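Student: Next comes the sequence, and after it the predicted model I'd like to discuss.
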Amino acid sequence: MSTLTLPANNWRPRPHQLPLWSYLEHGGKRAIAIWHRRSGKDEVGLHYTCVAAHKRIGTYWHMLPEAAQGRKVIWDAINPHTGKRRIDEVFPQAVRAQTRDSEMFIRFHCGSTWQVVGSDNFNSLMGSPPIGIVLSEFALSDPRAWDYIRPILAENGGWAIFATTPRGYNHGHDLYQYALTAPAWHASLVTAEQSGVIPADVLADERASMPDELYRQEYGCDFSASNVGAILGRYVEDAERQGRINDDVDCQIDVEISADLGRRDTAAWWFWEPSANGIAIVDYDQDTGLVAEDWVERLKAKPYTIKRIWLPHDARAKTIGARKSVIEQFLDAFDTTVMRIVPIARIADRINAARLAMPFCHFNRTRCKEGLAGLRSWSYEFNEETKIYSREPKHDWASHPGDAFSYGAMSIQHRATTQKPTPRQASLAAINKAKKRLTFEEAHRRQEERNSRRRPGRI
């Protein structure tokens, strides 16, 4: 009987990959690799998973930000150098007992299983818990996925590899900074210049044909270039630098709440307190799979006096199987003076309202942590072929806190433009309106009369 050596196809780690591989082979459990584009992040994770699956029987996952993305870049991806599928090179048919294409699932003869999954549906994954996982493009993934998985790995002694390029000062950056000082962790950052994987002339062409910030992010692993395509990222960083994100921000009187409602998706809620001194963002909440009744109870349990709740316009629609719309269910629980629907507006107008509001916002650091991570990551999608950004935000985990925030900003803007003016404001407005109706000749005659009254009389 012939034998098969793993890693398969005589694969060996490249020089810049060796420290990570060595750490894992010697029993390391937690590693984060901030490596440049096309540096072989997934390649290392896949080959190590195959080796580990034959050393310890269990369930293994390769997690991308979205399951659909996992199919494209892992399951169906073809190695351009060999013309073969990546999974066929890493997991030869000789080690497989079963392959299920629809589920992106492989069962090995040894008894272990491996599957491509997405952070966009992490809480719906069924079956045995993983003992090994590669979190690919972690900086773009829903950070709650790791919060869901980490106690499982802690209990069963499993391992995790976080492989990503920077996406700014978000949860990926936070984890990397933690790993740098955590004794049991392995942390590495490798730029394209350091690895030497990509020829210099190719890098020069990339630098010339893409935005500088994007090049620094993708090939230079520059966290400071993170706001490439970000919608509110730099505004969050401004708030951080200016000290407007701290734990002293708290509710003084009452709050207004804005929401983005998901059907089977995440629902997100921001808690605002506008005042003459700015806008205090005192809290943020989000969850998946809750219906309107659940959220009513959850909001009422908050330690705030709720002045107003702003729901998006689709709250008027009835969901399948529901006799009442979301707004109707909330009206059953809250006074009619509390409930409002955000005016319908283009996404571009909502984004503009959010950008105008951000410089006046002060955030509670602890309670708004999840929401702020979302605002940092909320972004337009970059099209590699056309080299331009999309006109609308990418729909991913960060779009929920982003949309909810923009709805709140839109409601504040709407109120500012529709509130009843004071008597003095009304008087000035009437005067200005009258001035606008004057013809040029009439305005000139009145100015001459005022000037003549100022001149001294002749003797």
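Tutor: Noted; the coordinates are in hand. Numbering: from 1, shown residues only.

Student: Quick one: residues in contact with stretch 206-214.
Tutor: Residues from elsewhere that reach stretch 206-214 (CB atoms under 8 Å, 6 or more residues apart in numbering): 198, 215, 218, 219, 225, 227, 228, 229, 382, 387. Backbone N, C-alpha and C define where each C-beta goes, glycine included.

Student: pull the CA atoms of it into PDB?
Tutor: The C-alpha trace of stretch 206-214 is given here as PDB (Å, rounded to 0.1, in the frame of the first residue of the first chain):
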ATOM      1  CA  GLU A 206       0.200  47.700  -8.400                       C
ATOM      2  CA  ARG A 207       1.300  50.900  -6.700                       C
ATOM      3  CA  ALA A 208       0.800  52.900  -9.900                       C
ATOM      4  CA  SER A 209      -2.700  51.500 -10.700                       C
ATOM      5  CA  MET A 210      -4.400  51.600  -7.300                       C
ATOM      6  CA  PRO A 211      -5.100  54.200  -4.600                       C
ATOM      7  CA  ASP A 212      -2.000  54.800  -2.400                       C
ATOM      8  CA  GLU A 213      -4.000  54.100   0.800                       C
ATOM      9  CA  LEU A 214      -5.200  50.800  -0.700                       C
END
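
Student: Centre of the chain to it, how far?
Tutor: 23 Å (CA atoms, centre = their mean, to the nearest Å).

Student: mean confidence score for it?
Tutor: For stretch 206-214, mean pLDDT rounds to 88.

Student: What residues sit buried inside it?
Tutor: Within stretch 206-214, the residues that count as buried by 16 or more other CB atoms under 10 Å are 206, 207, 210, 211, 213, 214.

Student: same check, this time on stretch 357-376
Tutor: Buried, per 16+ other CB under 10 Å, within stretch 357-376: 357-358, 360-364, 367-376.

Student: Put together TSV for the contacts of stretch 206-214, with neighbour count, distance to residue 297 and secondary structure on each row.
Tutor: Shown next, in TSV, are the contacts of stretch 206-214 (neighbours: other CB atoms under 10 Å; distance: CB to CB, whole Å; DSSP: H, G, I helix; E, B strand; the rest coil):
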residue	neighbour count	distance to residue 297	secondary structure
198	16	54	coil
215	20	49	helix
218	20	45	helix
219	22	49	coil
225	19	43	helix
227	20	38	coil
228	23	40	coil
229	20	37	coil
382	17	41	strand
387	11	48	coil
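
Student: need the contact list for the residue nearest the centre of the chain.
Tutor: The chain has residue 398 as the residue nearest its centroid, 2.9 Å off, counting by CA atoms, centre = their mean. If you count contacts by CB under 8 Å, 6+ apart, residue 398 has them with 373, 374, 375, 376, 377, 378, 379.

Student: Leaving out chain neighbours, which residue sits closest to it?
Tutor: Closest residue to residue 398 in three dimensions, ignoring its sequence neighbours and counting by CB to CB, 6 or more residues apart in numbering: residue 377, at 3.9 Å.

Student: correct me, but that neighbour touches residue 166?
Tutor: No - Residue 377 is beyond contact range of residue 166, at 11.7 Å (criterion: CB atoms under 8 Å).

Student: Return every residue with contacts to both of those two.
Tutor: Joint contacts of residue 377 and residue 166 (CB under 8 Å, 6+ apart) are residue 139.

Student: Between these two, which is the more surrounded one?
Tutor: The residue with more neighbours, out of residue 377 and residue 166, is residue 377; 30 against 24, by other CB atoms under 10 Å.

Student: give me phi/psi at that one?
Tutor: phi -100, psi -10 (degrees, to the nearest 10).

Student: list the contacts for it?
Tutor: Neighbouring residues of residue 377 by CB under 8 Å, 6+ apart: 139, 140, 167, 168, 170, 230, 233, 397, 398.

Student: Show me how the record splits the chain into domains.
Tutor: 8-198, 233-418 (automatic domain parsing).

Student: Same list (these) but as a markdown table, adding mean pLDDT.
Tutor: Compiled in a markdown table, those are given as follows (pLDDT from 0 to 100):
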| stretch | mean pLDDT |
| --- | --- |
| domain 8-198 | 95 |
| domain 233-418 | 90 |
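
Student: Show the contacting residues for the closest residue to residue 115 other than its chain neighbours.
Tutor: Spatially, and ignoring its direct neighbours in sequence, residue 115 is nearest to residue 105 (4.6 Å; CB to CB, 6+ apart). By CB under 8 Å, 6+ apart, residue 105 lies in contact with 98, 99, 113, 114, 115.

Student: partners of the second one in the sheet?
Tutor: According to DSSP bridges, the partner residues bridging residue 99 are residue 106.

Student: thinking it is in contact with residue 106, fair?
Tutor: Yes - counting by CB under 8 Å, residue 106 is a contact partner of residue 99 at 5.3 Å.

Student: Those two: which is more packed in?
Tutor: Taking neighbours as other CB under 10 Å, residue 99 and residue 106 compare with residue 106 leading, 24 against 14.

Student: Next, find the distance separating the more buried one from residue 50.
Tutor: For residue 106, the distance to residue 50 equals 10 Å [CB to CB, to the nearest Å].

Student: Please apply the same query to residue 75.
Tutor: 15 Å.

Student: of the two, who's got more company?
Tutor: Regarding residue 75 and residue 50, a neighbour count based on other CB under 10 Å identifies residue 50 as having more, with 23 against 20.

Student: in whichever strand or helix holds that one, what counts as buried?
Tutor: Taking DSSP states H and E as the definition, residue 50 sits inside helix 41-55. Residues 41-50, 52-54 are the ones in helix 41-55 that count as buried (16+ other CB under 10 Å).

Student: on contacts alone, who are the packing partners of it?
Tutor: With contacts defined as 3 or more CB pairs under 8 Å, 6 or more residues apart in numbering; DSSP states H and E, the packing partners of helix 41-55 are helix 18-25, strand 30-35, strand 59-64, helix 86-90, strand 113-118, strand 130-136, strand 159-164.

Student: Quick one: closest of these to residue 192.
Tutor: Proximity to residue 192 (CB to CB) singles out strand 30-35 among the helices and strands packed on helix 41-55, at 9.2 Å.

Student: give me the element residue 13 is part of.
Tutor: Assigned by DSSP H and E, residue 13 falls outside every helix and strand.
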